[in-house]
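Undergrad: quick one, structure for this:
(one chain, ligands or ions: 1)
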Amino acid sequence: MRIKELLNQRFSAAMQAAGIPSECSPTLALSGKPQFGDYQANGAMGAAKRMRTNPRELAQTILDNLNLDGIAEKLEIAGPGFINIHLDAKFLARSLAQPQSSAASIKQTVVVDHSSPNLAKEMHVGHLRSTIIGDSLSRVLEYQGHKVIRQNHMGDWGTQFGMLIAELEEHLGEGEQAELALNDLEVFYQQSKKHFDADPEFADRARAYVVKLQSGDQHCRNLWQQFISVSVAHNLDIYKRLNVGLREEHIAAESSYNDDLENVVQELVEQGLAVESDGAKVVFLEELADKNGDPSPMIVQKSGGGFLYASSDLAALRHRINTLEADRILYFIDARQSLHMKQVFITGRKASFAPPQVSLEHHAFGTMMGSDGRPFKTRSGGTVKLADLLVEAVERAERLVREKNTDLNDDEIKVVARKIGIGAIKYADLSITRTNDYIFNWDAMMSFEGNTAPYLQYAYTRIRSIFRKATIDAETFSAPIDITQMQEKTLAFKLLQFDEVIDQVAADCYPHTLCAYLYELASAYMTFYEHCPVLKDDVPTATKQSRLQLCALTAETLARGLDLLGIEVMEQM
Ligand code: ARG
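TA: Below is the predicted model of the structure:
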């Protein structure tokens, strides 16, 4: 059981015994400062207010009824009625010896919509955040035992594809292979666009192909399929390089909902939710009215009969609930799509596509900025391809590794450089509060100091080297823990907070909380290591063993935490 949960139970019982109404909660929180203990229970103040009594006296009554024998070594009332809890070192040592349970108390089916790039173009930096934040949450939820179903809602449908397949047709006509023609999707897109703007005949054909494609014409379908396959392959390659768990089977692209769009719109019309407006079918939402009181419009079918982004999102929503049986659906999409998501959610609820017990959550994020404070661009002002960014990250990491004189051989350096480079990019993103914009800065993210991936990876390698030096297998090592020093206690307490942190990330989907925790853990370890010698000759055997056990647990927790962020560790760097 999490320590916090245990304390909560004991405090709730004490509060009940003290005659406090059951709506009052103990409000437990980690203490900000060591002198305030490890946890604080702040519930006495709220309860006293309710009961119109003195908060310090009420805190004392709670303490009189509280049993934390063997758990806390000291309890004290501070300030207006805070209760400071100093945990017992023996209790911490005992807790660390027990297997920790990471499982969530209620297991859910969670659909995670993430990455979801448009296939007309190559993935660019704008897709990074959704891809890696969603990957981390998928890992966290899986770790807790939930059934996670990733859904890559790729944009593979829409008017651009008419132009792209008309262009592809010409290339293939000249005997070129699709893979080759589409080797650089960015260039191909520009080329088609130029062609489209300059050649009216081509433009007509492109427009005709959109219609033909949508009506199921085989020739257009074939061309489209070739285009999509190449583009998907690009993306799958990026996921591999990024160490992101998205695979082909997670793709549920927009086009997969085509057959259902008609039904969705028809149902909305039958329910009186969608109405005709200038030939189009529109849902007007009073709930999102602007300041003049005008309802917010969401078009679900264009006047020509075509469907849109909103229509496929509604179909996807229904699919996720009816077929995938989701209890919870998470959308990791840029904050700029907040209105769209609100419209889809409200409409989905009103149309009863989404019953009230299913949680619909848009977890928005800010933009990645360049050092000039504007959206991150190439020197010439173009969008930065994700593929290029990853190459640069690994190259930079390789240079760094070579600078540190390392005993690694060339092949090993390559592996380590990949883990550091990719880890640095991911961590820089994940460690910032998701909803904020953040500035992309190579030097900061690659630094071996501060709250960075290389710092944490380095902390891990340092611990592993202790075990190598002692010729002990860290994996199988196990010894009783005996806490005598303050630094040992601080480290032990940090180690025990891991699952509480994971609970929180799983609930609010802010991975920076996990990053902050890992950084604090590594820092607590460094302080411990400075004050508490492990392998020195004069350290008594039992102490040595106990400290090695703390080291092993720290390494394990760092590796697990980084893995939940999608970041790999290495034995040496
Ligand atoms: N393809 C969209 C884009 O690139 C993102 C899709 C997000 N997912 C969704 N269900 N709408 O902007």
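Undergrad: what's the separation between the closest residue to Glu556 other than its chain neighbours and the ligand?
TA: Sequence neighbours aside, Ala474 is the residue nearest to Glu556 in space, at 8.0 Å (criterion: Cβ to Cβ, 6 or more residues apart in numbering). C-beta: built from backbone N, CA, C; applies to glycine. Distance, Ala474 to the ligand, by Cβ to the nearest ligand atom, to the nearest Å: 42 Å.
Undergrad: then Ile420?
TA: Applying Cβ to the nearest ligand atom to Ile420 and the ligand gives a distance of 29 Å.
Undergrad: list the contacts of that residue.
TA: With contact taken as Cβ atoms under 8 Å, 6 or more residues apart in numbering, Ile420 is in contact with 397, 400-401, 446, 453-454, 457, 573.
Undergrad: thinking again about what came up before, specify the local secondary structure of the residue nearest to Glu556.
TA: Look at Ala474: counting by DSSP: H, G, I helix; E, B strand; the rest coil, its state is coil.
Undergrad: thinking it is in contact with Arg464, fair?
TA: Yes. Ala474 lies in contact with Arg464 (Cβ atoms under 8 Å); the separation is 6.5 Å.
Undergrad: which neighbours do the two share?
TA: In contact with both Ala474 and Arg464: Ala555, using Cβ under 8 Å, 6+ apart.
Undergrad: can you list the residues of this protein near the ligand?
TA: The chain comes close to the ligand at residues 113, 116-118, 153, 155, 313, 316, 331, 333, as judged by Cβ under 6 Å from any ligand atom.
Undergrad: quick check: the residue nearest the centre of the chain vs Arg52, distance?
TA: What sits nearest the mean C-alpha location of the chain, by Cα atoms, centre = their mean, is Ile133, with 2.9 Å. Ile133 sits at a distance of 46 Å from Arg52 (criterion: Cβ to Cβ, to the nearest Å).
Undergrad: pLDDT of stretch 563-573, averaged?
TA: Regarding stretch 563-573, the rounded mean pLDDT is 96.
Undergrad: please begin residue numbering at 35 from this point
TA: OK, 35 is where the count begins now, so the last one is stretch 597-607.
Undergrad: start to end distance for stretch 171-182?
TA: The straight-line separation of the ends of stretch 171-182 (Cα to Cα, to the nearest Å) is 10 Å.
Undergrad: okay, buried residues for that stretch please.
TA: Neighbour counts using 16 or more other Cβ atoms under 10 Å place 171-178, 180, 182 of stretch 171-182 among the buried residues.
Undergrad: show residues contacting that stretch.
TA: For stretch 171-182, the surrounding residues in contact (Cβ under 8 Å, 6+ apart) are 136-138, 141-144, 146, 148, 184, 279, 364, 366, 397, 536-537, 539-540, 543, 545, 548, 597-600.
Undergrad: take these and keep only those in helices.
TA: Counting by DSSP state H, the contacts of stretch 171-182 place 536-537, 539-540, 548, 597-598 in helices.
Undergrad: what is the most widely separated pair among the residues you listed?
TA: By the measure Cβ to Cβ, Asp537 and Asp597 form the most distant pair in these, at 17.3 Å.
Undergrad: so how do I select the buried members of the contacts of Ile454 in ChimeraX?
TA: Buried residues among the contacts of Ile454 (16+ other Cβ under 10 Å), as a ChimeraX selection:
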select :431,434,435,480,487,488,491,607
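Undergrad: closest to His268 out of the contacts of Ile454?
TA: The closest of the contacts of Ile454 to His268 turns out to be Ala431 (Cβ to Cβ; 22.7 Å).
Undergrad: other SSEs contacting the helix or strand that contains that closest one?
TA: For Ala431, the element it lies in under DSSP states H and E is helix 420-437. On a contact count with 3 or more Cβ pairs under 8 Å, 6 or more residues apart in numbering; DSSP states H and E, helix 420-437 meets helix 252-275, helix 444-464.
Undergrad: list the contacts of Pro409.
TA: 401-403.
Undergrad: top of these by neighbour count?
TA: Met402 (19 neighbours; other Cβ atoms under 10 Å).
Undergrad: beta partners of that one?
TA: Tyr472 (DSSP bridges).
Undergrad: inside helices: which ones of the buried residues of stretch 171-182?
TA: Applying DSSP H to the buried residues of stretch 171-182, the entries found in helices are 171-177.
Undergrad: now for these: which two are most distant?
TA: Across these, the longest distance by Cβ to Cβ is 10.5 Å; it joins Leu171 and Tyr177.
Undergrad: so Arg436 makes contact with Ile447?
TA: Yes. Arg436 is within contact range of Ile447, at 6.7 Å (criterion: Cβ under 8 Å).
Undergrad: more neighbours: which of the two?
TA: Taking neighbours as other Cβ under 10 Å, Arg436 and Ile447 compare with Ile447 leading, 16 against 13.
Undergrad: from what I can see the more buried one touches Glu432, true?
TA: Yes. Between Ile447 and Glu432 a contact is recorded at 6.4 Å, counting by Cβ under 8 Å.
Undergrad: once you drop chain neighbours, what's closest to Lys453?
TA: Glu602 (4.4 Å).
Undergrad: and that neighbour, helix, strand or coil?
TA: Assignment for Glu602 (three-state DSSP): coil.
Undergrad: low-confidence regions, the chain specifically.
TA: Nowhere does the chain drop to pLDDT under 70.
Undergrad: as a quick check, tell me the outermost residue of it.
TA: Within the chain, Glu235 marks the point farthest from the mean C-alpha position, 46.5 Å out by Cα atoms, centre = their mean.
Undergrad: roughly how far out does the one helix or strand it maps to sit from the chain middle?
TA: Per DSSP H and E, Glu235 falls inside helix 234-248. Offset of helix 234-248 from its chain centre (Cα atoms, centre = their mean, to the nearest Å): 40 Å.
Undergrad: Gly66 - how many residues pack around it?
TA: Neighbours of Gly66 (other Cβ under 10 Å): 8.
Undergrad: phi, psi for it please.
TA: Note on Gly66: backbone dihedrals following degrees, to the nearest 10 are phi -70, psi -30.
Undergrad: could you give the angle of the helix holding Ala431 to helix 444-464?
TA: 120 degrees (axes from the mean of the first three to the mean of the last three Cα atoms, to 10 degrees).
Undergrad: residues contacting whichever residue of the stretch 485-607 of the chain sits closest to the ligand?
TA: As assessed by Cβ to the nearest ligand atom, the ligand sits closest to Cys543 within the stretch 485-607 of the chain, at 15.1 Å. Neighbour list for Cys543: 167, 171, 364, 395, 397, 468 [criterion: Cβ under 8 Å, 6+ apart].
Undergrad: roughly how far apart are Asp537 and Ala131?
TA: For Asp537, the distance to Ala131 equals 21 Å [Cβ to Cβ].
Undergrad: so between those two, which is more surrounded?
TA: Asp537 (18 against 13).
Undergrad: the more buried one reaches Ala138, doesn't it?
TA: Yes. Using Cβ under 8 Å, Asp537 is in contact with Ala138, at 7.4 Å.
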